[in-house]
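In: dropping the sequence and predicted coords here.
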Amino acid sequence: MSTDTPAIDAVIFDLGGVLIDWNPRHLYRKLFADEAEMERFLAEVCTPAWNLEQDRGRPWAQAIAELSACHPDQAELIAAYRGRWPEMLNGAIAGTVALLERLDDAGVPLYALTNWSAETWPYAERLYPFLARFRAIVVSGRIGLVKPEPAIYRHALARFGLAPERTLFIDDSAKNVEGARAVGLHALRFAGAEALARDLARLGLPV
């Protein structure tokens, strides 16, 4: 490890898109015959910004009711976002889980920081045993903060007892990676397990 490589004591993982294949398209491809119509619905009705407010803690019942009032012709499709939410999960991302397991087996302290609704989080806890590898997990919907807001990274660091300059954060969102860097964390944007393995090795982590 070169002298300009940071010393990393712990790793914080994002979950959706890094370790868990969550995507509303897994559900909505079953509900739309036309891909373009589906993409329009997810861009204009059940948008990422709308979903983020549930990740922040807004109750799903309130979110569905308010959006359905604005788009009454789409009410059934909107209700499916919560009613059939588990169908948005397409299993674990095996390559990344393998890296997580190797890091844990080597004794690297591991944590998770996720934008996730408190109401749907129990599905993940039941479905993904690898979550037990984490020493602690911060779920945005439980604390009323979301990435990339600086406060959620500071909250996580304080709860985990970590120094940002000695901690690595991994996320698939460029905005979330930049948010982490803004509070002093080392951060990598996830672009697949093979690339992540190379980056972790470059940082001197045992993968």
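Out: Thanks, I have it. Numbers count the residues shown, from 1 in each chain.

In: end to end on stretch 129-145, go ahead and measure it.
Out: End-to-end distance of stretch 129-145: 25 Å, with C-alpha to C-alpha, to the nearest Å as the criterion.

In: which residues touch it?
Out: Taking contacts as C-beta atoms under 8 Å, 6 or more residues apart in numbering, the residues outside stretch 129-145 that touch it are 13, 19, 54-57, 92, 97, 100-101, 104, 109-119, 121, 124-125, 146-147, 151-152, 155-156, 159-160. Placement of C-beta: from N, CA and C, glycine included.

In: buried ones in it?
Out: Leu131, Arg133, Phe134, Ile137, Val138, Val139, Ser140, Gly141, Ile143, Leu145 (16 or more other C-beta atoms under 10 Å).

In: quick revisit: any chance of a ChimeraX selection covering the buried ones in the contacts of stretch 129-145?
Out: Provided next is the ChimeraX selection string for whichever of the contacts of stretch 129-145 are buried by 16+ other C-beta under 10 Å:
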select :13,19,54,55,56,57,92,97,100,104,109,110,111,112,113,114,115,116,117,118,119,121,124,146,147,152,155,156,160
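
In: narrow the contacts of stretch 129-145 to those in helices?
Out: 54-56, 97, 100-101, 104, 121, 124-125, 151-152, 155-156, 159-160 (DSSP state H).

In: and those residues, which is closest to Ala7?
Out: Proximity of those to Ala7 (C-beta to C-beta) peaks at Phe160, which lies at 16.9 Å.
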